[in-house]
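A.B. asks: need a structure here:
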Amino acid sequence: MVVDSSGAAVPGAEVLTANVNTNATQHAITDPEGQYPLLALQPGIYKMTVTAPGFTTFTTTGIDVKVNDQLHIDATLIETNTGDAENDDAGLTFYPALDILYRRAK
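C.D. replies: Numbering: from 1, shown residues only. Coordinates of the predicted model:
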C-alpha cells in the first residue's frame, strides 16, 4: 500500500520494480486505495521505486522474492509542497539505476 505521511492512500502513484540481477522490470499504478498489483515476479532480489507528483521518491532495495511469495511492501511518500505545478518535470520520470525514462499519463 502507498500512503502519504498522514496515512491517506496515494492513488495514481507509479510503482516500478527491477530485478537487480536481470534488470527485468514490472510497473504498476496504485488504485484509489493505494494498492498496487505486481504479479508473477520471478524469484530474485528486487529494487522498488515509488513516485507521485508532489511527493518525494520512495526507494527500497534488497526485496528477496521467492517462488510463490505473496509480499506486501508498504511505502510512505512525503509531500514536497513545492506549490509549483509549472515545473512538474513535464510528466517525465527518470529512473537512473535502470536507465529508463517514463512518461506518465496526465
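
A.B. asks: C-alpha from now on. contacts and neighbour counts both.
C.D. replies: Fine.

A.B. asks: So which residues of the protein form strands?
C.D. replies: Applying DSSP state E to the chain gives strands spanning 2-4, 14-19, 25-29, 44-51, 58-65, 75-77, 92-95, 100-103.

A.B. asks: Helix or strand with the lowest mean pLDDT in the protein?
C.D. replies: Lowest by mean pLDDT, DSSP states H and E among the helices and strands of the chain is strand 100-103, with a mean of 43.

A.B. asks: now the strands of the chain as CSV including mean neighbour count?
C.D. replies: Converted to CSV, the strands of the chain look like this (neighbours: other CA atoms under 10 Å):
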stretch, mean neighbour count
strand 2-4, 20
strand 14-19, 22
strand 25-29, 17
strand 44-51, 19
strand 58-65, 14
strand 75-77, 22
strand 92-95, 13
strand 100-103, 11
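
A.B. asks: need these in a markdown table with distance to Leu38, can you?
C.D. replies: What follows is the strands of the chain, written out as a markdown table (distance: least, CA to CA, whole Å):
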| stretch | distance to Leu38 |
| --- | --- |
| strand 2-4 | 13 |
| strand 14-19 | 8 |
| strand 25-29 | 7 |
| strand 44-51 | 11 |
| strand 58-65 | 12 |
| strand 75-77 | 14 |
| strand 92-95 | 18 |
| strand 100-103 | 18 |
